[in-house]
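Participant: For reference, the sequence and a predicted model appear below.
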Amino acid sequence: MASALSMDKLRTKLCWQGYWLVTPKWCFLQDEATAPRLRPVGEADLDACIEKLGFPVIRLETPNAFYDYEAKYQATTTQYHCPCGLSDEQEQFIRDLAVTACKVVGVKGWGRVDVFIDDLGQYQLIEINTVPGMTDHSLVPMAARQAGMDFDELGGRILETSCG
């Protein structure tokens, strides 16, 4: 149920707003005719895993306006910083925020929460991915490596947290 809810980005944002969690301004687009002129809303995304897994935060930088398909899968200019360069207090805040965001929509076990920090320093929730990529260049395995965990141990930890 939580995976289905988190796939519905609008309902996830409505749940977060009901708990006073900050998410960027958004609008519901029914068709191209109702679409307002959209502008980029942030320069950096931060990914954090659920606290039980204890993964570090990863900072993404791209010269693109958004961290889109091209930036993620094709560009050679996207940079991944792990450790991310934030203070311990900021990283802990993001971890706690990710855990809260997951609890609000019922996510248990593991997942990836995307957050960005706006120009005013406000942490804003973007989305939850309950089935994030698990290739050798995906963010969850990258965070696990930084935490000293190999891929097999990561798989075991995911199973432990997902089956109980």
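Facilitator: Looks like it came in fine.

Participant: Spatially central residue for this protein, please.
Facilitator: Asp114 (1.7 Å; C-alpha atoms, centre = their mean).

Participant: distance of the closest residue in space to that residue that isn't next to it in sequence from Leu10?
Facilitator: Nearest non-adjacent residue to Asp114, counting by C-beta to C-beta, 6 or more residues apart in numbering: Ile126, 3.9 Å away. C-beta here means a position set from N, CA and C on the backbone, and glycine is covered the same way. The gap separating Ile126 from Leu10 is 13 Å, by C-beta to C-beta, to the nearest Å.

Participant: Which one's more surrounded, the two?
Facilitator: Between Ile126 and Leu10, counted using other C-beta atoms under 10 Å, Ile126 has the larger neighbour count: 21 against 11.

Participant: part of a helix, is that one?
Facilitator: No: going by DSSP: H, G, I helix; E, B strand; the rest coil, the assignment for Ile126 is strand, not a helix.

Participant: 776 is where my numbering starts, stick with that
Facilitator: Got it, first residue is 776 now, which makes that one Ile901.

Participant: Can you give me the pLDDT of it?
Facilitator: Per-residue pLDDT puts Ile901 at 92.

Participant: Would you mind finding the longest helix in this protein?
Facilitator: helix 863-880 (DSSP state H).

Participant: tell me how far stretch 782-789 is from the chain's mean position?
Facilitator: A distance of 14 Å separates the C-alpha centroid of stretch 782-789 from that of its chain, computed with C-alpha atoms, centre = their mean, to the nearest Å.

Participant: Tell me the buried residues in that stretch?
Facilitator: Thr787, Lys788 (16 or more other C-beta atoms under 10 Å).

Participant: can you check stretch 874-890 too?
Facilitator: Of the residues in stretch 874-890, those buried (16+ other C-beta under 10 Å) are 874, 876-877, 879-880, 882, 884-890.

Participant: Between those residues, which sits nearest Gly896?
Facilitator: Val890 (12.5 Å; C-beta to C-beta).

Participant: does Asn839 really touch Tyr848, like I thought?
Facilitator: No: at 11.9 Å, Asn839 and Tyr848 do not qualify as touching, with contact defined as C-beta atoms under 8 Å.

Participant: of those two, who's got more company?
Facilitator: Asn839 (15 against 9).

Participant: Let me know the secondary structure of the more buried one.
Facilitator: Asn839 - assigned by three-state DSSP - is coil.

Participant: Please report the distance of it from Glu845.
Facilitator: 7 Å.

Participant: With Ser913 instead?
Facilitator: 17 Å.
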